[in-house]
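> any chance you can model this:
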Amino acid sequence: MDLVCRFQRYMQETLDVSVDNKVLLAVSGGRDSMLMAHLFIVTGYPCVIAHCNFHLREVDADLDEQLVREFAEQNKVPFFARHFQTDDYAKQYGMSTQMAARELRYAWFEELRVQQGADWIAIAQHQDDHIETVLLNLTRGTGLQGLQGILPKRGNIIRPLLFLSSEEVTTSITELQIPFRDDKSNFSTKYARNKVRLEIIPKFRSISPEFDNIMRENIVHFQEAYDLLQSFVLPIREKLFVSEDSLIRINKSKLQPYLHQLPLLFELFKPYDFSKNVLADMREHWNGESGKIFHSPQYELLLDRDDIWLKAKSEKHFSGPAIEIQTSTSFFSFANKLFEISIGGNTSICPSENVLQIDFEKLQFPLTLRFWEEGDYFYPLGMEGKSKKVSDYFIQKKIGRYAKKTIPILINGNGDIVWIVNYRADNRYRITKSTKKVFTLVCK
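Below is the predicted model:
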């Protein structure tokens with residue numbers, strides 16, 4: 001089967017990409033990406049070419065851009081280039097140059113994909129890249145997930161050359177006389193990936209001439225093993241990890257049966273990057289005082305009384321100034337909730353937690369809507385003459401430390417709490433036989 005037929009078959013059967021899908025091609029000017037661009041053009045896929053100039057190789061970087069630009073113009077393919085000050089970005093955010101380049105290019109590719117209405121972003125990685133990635137991941141301790149290597153498709157990103165070896169790429173580009181430029185940095189062992197490619201893999205091949213085929217078979221086995229593991233773990237995670245606004249709640253009693261199996265616990269929390277040591281520490285504090293917090297690079301986990309609360313560190317809870325509500329107000333929003341006010345003479349009660357109905361004449365405007373503060377207390381509806389701290393009410397309702405910070409509280413102009421929104425009204429403002437006008441507030 002010739003190269004073009006193999007490419008079309010891989011695109012349709014493995015990647016499930018339709019011939020009318022628009023594809024953004026990431027083209028550096030190297031042999032891999034230039035071959036990929038050629039294959040997309042000759043097979044008639046609608047595409048655009050995107051080129052990143054990272055300004056890391058002085059004049060060579062500009063020559064790469066010129067080559068790709070001319071290739072695009074000759075083939076009448078829309079061309080886009082973006083220039084990055086990569087070293088400055090790396091220093092600013094304290095990361096390696098390679099990581100900075102990766103972050104910059106993928107962010108721009110996605111921005112351009114949306115702008116151009118493309119369905120996919122195509123990256124020109126081949127089978128040798130696949131093997132290199134697995135060997136690198138072995139040194140990084142990524143576990144079974146990292147041993148899957150490079151996935152053919154992830155999100156909007158596809159890798160259309162994973163059916164080819166590096167040798168096949170070189171042979172094809174020579175036979176087809178496709179122009180390309182070699183990046184000299186690819187031949188330097190300064191970078192870990194190059195060391196694997198230039199020094200380690202050749203030694204494996206000298207030990208076993210079938211090394212590449214064996215590794216490809218191993219990668220398939222790793223992928224199958226990982227898929228099998230996930231088929232067991234995912235239903236458990238979906239059952240236990242309950243999304244509530246910006247938080248994830250995990251009931252401790254439901255997680256308890258899995259607590260003694262640290263490898264399983266590790267897999268359950270794997271998407272949130274908690275290490276085994278941190279999870280083991282969490283187990284040690286399982287029956288201790290509530291409020292202990294455990295950290296991963298991007299998440300924190302709160303061990304509460306009956307639940308575990310998980311949230312992203314970058315996630316900001318609803319905050320900001322309190323808002324005032326006038327008698328003329330009809331609609332307003334607060335904490336991602338929409339509120340509607342009505343005032344009328346109908347004193348019939350609608351028994352719903354998201355509807356407040358109180359005596360209008362007892363209110364002093366403006367009212368205020370804010371979040372819980374230390375020392376807040378109210379008189380719960382139905383408890384005549386008995387006050388209760390709002391913090392104690394939250395404990396009684398089993399509202400966790402994070403969740404209580406997201407609950408709006410309605411305050412009368414005299415400072416009284418009128419309503420813990422969607423939970424409990426204050427008894428002092430209830431509708432009575434003498435009520436003539438009803439203030440209704442609906443939280444939608």
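> low-confidence ranges, this protein, go.
Counting by pLDDT under 70, the chain shows low-confidence ranges at 1, 187, 314-321, 402.
> name the single longest helix found in the protein.
helix 211-240 (DSSP state H).
> direction included, what does the helix or strand that that one is followed by pair up with?
Later in the chain than helix 211-240, the nearest helix or strand by DSSP states H and E is strand 241-244. For strand 241-244, the paired strands and their directions (DSSP bridges) read strand 247-251 (antiparallel).
> in the partner strand, what's buried?
L247, I248, R249, I250 (16 or more other C-beta atoms under 10 Å). Bear in mind the C-beta positions are built from the backbone N, C-alpha and C, glycine included.
> what do you get for stretch 148-156?
Under 16+ other C-beta under 10 Å, the buried positions of stretch 148-156 are Q148, G149, I150, P152.
> then stretch 237-256?
Buried residues in stretch 237-256, counted by 16+ other C-beta under 10 Å: L240, F241, L247, I248, R249, I250, K252, L255.
> ok, stretch 3-12 next?
For stretch 3-12, by 16+ other C-beta under 10 Å, it's L3, F7, Q8, Y10, M11.
> from the residues you listed, which ones fall inside helices?
The helices, defined by DSSP H, take in L3, F7, Q8 from the buried residues of stretch 3-12.
> closest to V68 among these?
Distances from V68 to those, taken as C-beta to C-beta, are shortest for F7 (19.9 Å).
> so that closest one makes contact with I41?
No - with contact defined as C-beta atoms under 8 Å, F7 does not reach I41; the gap is 11.4 Å.
> which of the helices or strands spans E340?
Judged by DSSP H and E, E340 forms part of strand 337-344.
> quick check, H130 in contact with I150.
Yes - using C-beta under 8 Å, H130 makes contact with I150 at a distance of 4.9 Å.
> give the buried residues for stretch 131-140.
Buried residues in stretch 131-140, defined by neighbour count with 16+ other C-beta under 10 Å: I131, E132, T133, V134, L135, L136, N137.
> list the contacts of it.
Residues from elsewhere that reach stretch 131-140 (C-beta atoms under 8 Å, 6 or more residues apart in numbering): 146-150, 192-193, 196-197, 200-201, 212, 215-216, 218-219, 222.
> which stretches of the stretch 301-444 of the chain form strands?
Using DSSP state E, counting those that start in this stretch, the strands found in the stretch 301-444 of the chain span residues 307-312, 323-325, 331-334, 337-344, 355-359, 367-371, 377-378, 388-389, 408-411, 417-420, 424-425, 438-443.
> the fourth one to strand 355-359, inter-axis angle?
Angle between the axes of strand 337-344 and strand 355-359 is 40 degrees (criterion: axes from the mean of the first three to the mean of the last three C-alpha atoms, to 10 degrees).
> pull the CA atoms of strand 337-344 into CSV?
Below are the C-alpha coordinates for strand 337-344, written out as CSV (Å, rounded to 0.1, in the frame of the first residue of the first chain):
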residue,chain,number,x,y,z
LYS,A,337,-27.4,32.9,41.0
LEU,A,338,-30.3,34.9,39.6
PHE,A,339,-32.8,36.5,41.9
GLU,A,340,-36.3,37.9,41.3
ILE,A,341,-38.3,40.1,43.6
SER,A,342,-42.0,40.7,43.8
ILE,A,343,-44.2,42.5,46.3
GLY,A,344,-47.9,41.8,46.7
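> now do the buried residues in it.
Result for strand 337-344 [16+ other C-beta under 10 Å]: buried residues K337, F339, I341.
> with the fifth one instead?
Of the residues in strand 355-359, those buried under the neighbour-count criterion (16+ other C-beta under 10 Å) are L356, Q357, I358, D359.
> now swap in the third one and tell me
Neighbour-count burial for strand 331-334, with 16+ other C-beta under 10 Å as criterion, is recorded at F332, F334.
> next: the first one.
Within strand 307-312, the residues that qualify as buried by neighbour count (16+ other C-beta under 10 Å) are D307, I308, W309, L310, K311.
> ok, back up a step: closest to F269 among the buried residues of strand 337-344?
Nearest to F269 out of the buried residues of strand 337-344 is K337 (C-beta to C-beta; 30.1 Å).
> looking at the buried residues of strand 307-312, which is nearest G94?
Distances from G94 to the buried residues of strand 307-312, taken by C-beta to C-beta, are shortest for K311, at 24.1 Å.
> which residues touch the closest one?
S246, L247, I248, Y299, E300, L302, Y402.
> go ahead and confirm the third one touches L302.
No - proximity of I248 to L302 does not meet the contact threshold set by C-beta under 8 Å, at 10.6 Å.
> joint contacts of the two?
By the contact definition C-beta under 8 Å, 6+ apart, I248 and L302 are jointly contacted by W309, L310, K311.
> what's the closest of those residues to I407?
When the shared contacts of I248 and L302 are compared for distance to I407 (C-beta to C-beta), W309 comes out closest, at 14.2 Å.
> the closest residue to the closest one other than its chain neighbours: how many residues sit nearby?
Distances taken as C-beta to C-beta, 6 or more residues apart in numbering place L302 nearest to W309, at 4.3 Å, with adjacent residues excluded. Using other C-beta atoms under 10 Å, L302 has 18 other residues around it.
> over to Q261?
Applying other C-beta under 10 Å, we find 11 residues neighbouring Q261.
> the one 5 residues further on now?
Residues within reach of F266, counting by other C-beta under 10 Å, total 17.
> tell me the spacing between the closest residue to F7 other than its chain neighbours and V68.
Of all residues not flanking F7 in the chain, L39 sits nearest, at 4.8 Å (C-beta to C-beta, 6+ apart). For L39, the distance to V68 (C-beta to C-beta, to the nearest Å) stands at 15 Å.
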